[in-house]
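Trainee: A predicted structure for the sequence below; I have some questions about it.
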Amino acid sequence: MDMGIVPTSVDTKPKTDEPRYFYVDDTFTIFLREKGKSLPYFAGRVEDITKFQ
């Protein structure tokens, strides 16, 4: 199965004071990029989230 890249943008400051929840139950990759830049300054692939909890 081809799992293409799905661009997702998450603001660093939520628009409300409500908490945000991210449910992760599979391998994922995170890219951190500064606003106005085209290349990320960090990329990480997480295969087992329990190692980071």
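Mentor: Great, that's in hand. Numbers count the residues shown, from 1 in each chain.
Trainee: Show me what the most centrally placed residue in the chain bridges to in the sheet.
Mentor: With distances taken as CA atoms, centre = their mean, residue 30 lies nearest the centre of the chain, 3.9 Å away. Assessed by DSSP bridges, residue 30 has beta-bridge partners residue 44.
Trainee: Check whether it really touches residue 49, as I assumed.
Mentor: No. Contact criterion CB atoms under 8 Å: residue 30 and residue 49 do not qualify, at 11.0 Å. (Glycine included, C-beta is placed from N, CA and C.)
Trainee: show me where pLDDT drops low in this structure?
Mentor: 1-15 (pLDDT under 70).
Trainee: which residue ranges form the strands in this protein?
Mentor: Using DSSP state E, the strands of the chain run over 28-32, 42-46.
Trainee: out of those, nearest to residue 19?
Mentor: Among the strands of the chain, the nearest to residue 19 by CB to CB is strand 28-32 (18.7 Å).
Trainee: between that closest one and strand 42-46, how big is the angle?
Mentor: Using axes from the mean of the first three to the mean of the last three CA atoms, to 10 degrees, the direction of strand 28-32 lies 170 degrees away from that of strand 42-46.
Trainee: who's in contact with strand 28-32?
Mentor: For strand 28-32, the external contacting residues (CB atoms under 8 Å, 6 or more residues apart in numbering) are 40, 41, 42, 43, 44, 45, 46.
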